[in-house]
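>>> coordinates only, sequence not included:
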């Protein structure tokens, strides 16, 4: 009798467990789908590509860092080789930051106020303003530029451009039109991008502003001469 009662309780327990398991199994084969509108879909695609590019970039940086670390750990690597590699990396960083003179192929852009039209109409849109130059520089950066200067003044990520009377103040230096912008980078791709109807140079031309772009086999761009303030920057890996 005891043995039969045990079998009975085992049977009841099995039925209960089976019921609980089966109730948690999704037999509808339905997925949790969200309907996106066109704007949300575009944002999702952009985010996906952005994350993909970030992953590829981090993977590439990891591979390079690992190769460098393996080389430094190699007993055959001399101290002078390590110091030479460090110096090369410092030189590259200085080029990217704009704190050293650089040369290379590129384009020269010339912008000039439509003075005759301005004297006739007194229309400020015939003149080049700070916002115009900022938009042009943004387009130049988006075109793939590696180094930029305006009338001999190096443009870096912290460059400030704003109007000061009839002048533009660039990196705290007063600059008058015409503006000669030298850019190092791929000549063909930059020119094609900048002259497209969707970019700012086309808009300036509609306003009567003189615009010209010339290819150059060799351009020399000076180093940034100002101070780069980093008072509030901290190393996140440093011990507090």
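Yep, it's here. Worth saying up front: this structure is predicted, and the values here are computed from it rather than measured.
>>> all contacts plus neighbour counts: C-alpha atoms, from now on.
Fine.
>>> is it true that residue 93 lies in a helix?
Yes: checked against DSSP: H, G, I helix; E, B strand; the rest coil, residue 93 lies within a helix.
>>> Could you check how many residues crowd around it?
A count of neighbours around residue 93, defined by other CA atoms under 10 Å, yields 13.
>>> cool, residue 202 as well?
Neighbourhood size, residue 202 [other CA under 10 Å]: 15.
>>> How about the backbone phi and psi for the residue nearest to it when sequence neighbours are not counted?
Nearest residue to residue 202, sequence neighbours excluded (CA to CA, 6 or more residues apart in numbering): residue 195, at 6.6 Å. Note on residue 195: its backbone torsions stand at phi -90, psi 0 [degrees, to the nearest 10].
>>> ok, residue 195 - how many residues close by?
By other CA under 10 Å, the residues close to residue 195 number 15.
>>> ok, it to residue 83 distance?
According to CA to CA, to the nearest Å, residue 195 stands 44 Å off from residue 83.
>>> Flag the shaky bits of the protein, pLDDT-wise.
1-33, 72, 74-77, 118-119, 238-240 (pLDDT under 70).
>>> domains for this protein, by residue range?
71-100, 104-221 (automatic domain parsing).
>>> Save these as CSV, and put in distance to residue 36 too.
As requested, those are exported to CSV (distance: least, CA to CA, whole Å):
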stretch, distance to residue 36
domain 71-100, 40
domain 104-221, 28
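>>> tell me the most buried of these?
With neighbours defined as mean count of other CA atoms under 10 Å, the domains of the chain peak in mean count at domain 104-221, which reaches a mean of 17.
>>> need the longest helix for this protein.
As assigned by DSSP state H, the longest helix anywhere in the chain is helix 38-73.
>>> quick one: the helices in this structure?
Taking DSSP H, the helices of the chain run over residues 2-23, 38-73, 79-97, 115-121, 130-142, 187-194, 200-206.
>>> So for residue 108, which of the ones you listed sits nearest?
Closest approach to residue 108 among the helices of the chain is made by helix 187-194 (9.6 Å; CA to CA).
>>> Packing partners of the closest one?
strand 102-112, helix 130-142, strand 210-221 (3 or more CA pairs under 8 Å, 6 or more residues apart in numbering; DSSP states H and E).
>>> So which of those is nearest residue 41?
Among these, helix 130-142 sits nearest to residue 41 (CA to CA), with 24.2 Å.
>>> quick one on the thing from earlier: got the helices and strands packed on helix 187-194 as CSV, with distance to residue 155 columns?
Below are these laid out as CSV (distance: least, CA to CA, whole Å):
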stretch, distance to residue 155
strand 102-112, 12
helix 130-142, 9
strand 210-221, 10
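>>> Tell me which of the ones you listed approaches residue 34 most closely.
Judged by CA to CA, the one of those that comes nearest to residue 34 is helix 130-142, at 33.9 Å.
>>> List the contacts of that closest one.
161-163, 168, 183, 190, 194, 199-201 (CA atoms under 8 Å, 6 or more residues apart in numbering).
>>> Those residues: which two are farthest apart?
Maximum distance among those (CA to CA): 26.6 Å, for 163 and 190.
>>> Nearest approach to residue 48 belongs to which of the domains of the chain?
Comparing the domains of the chain under CA to CA, the one sitting nearest is domain 104-221, at 20.6 Å.
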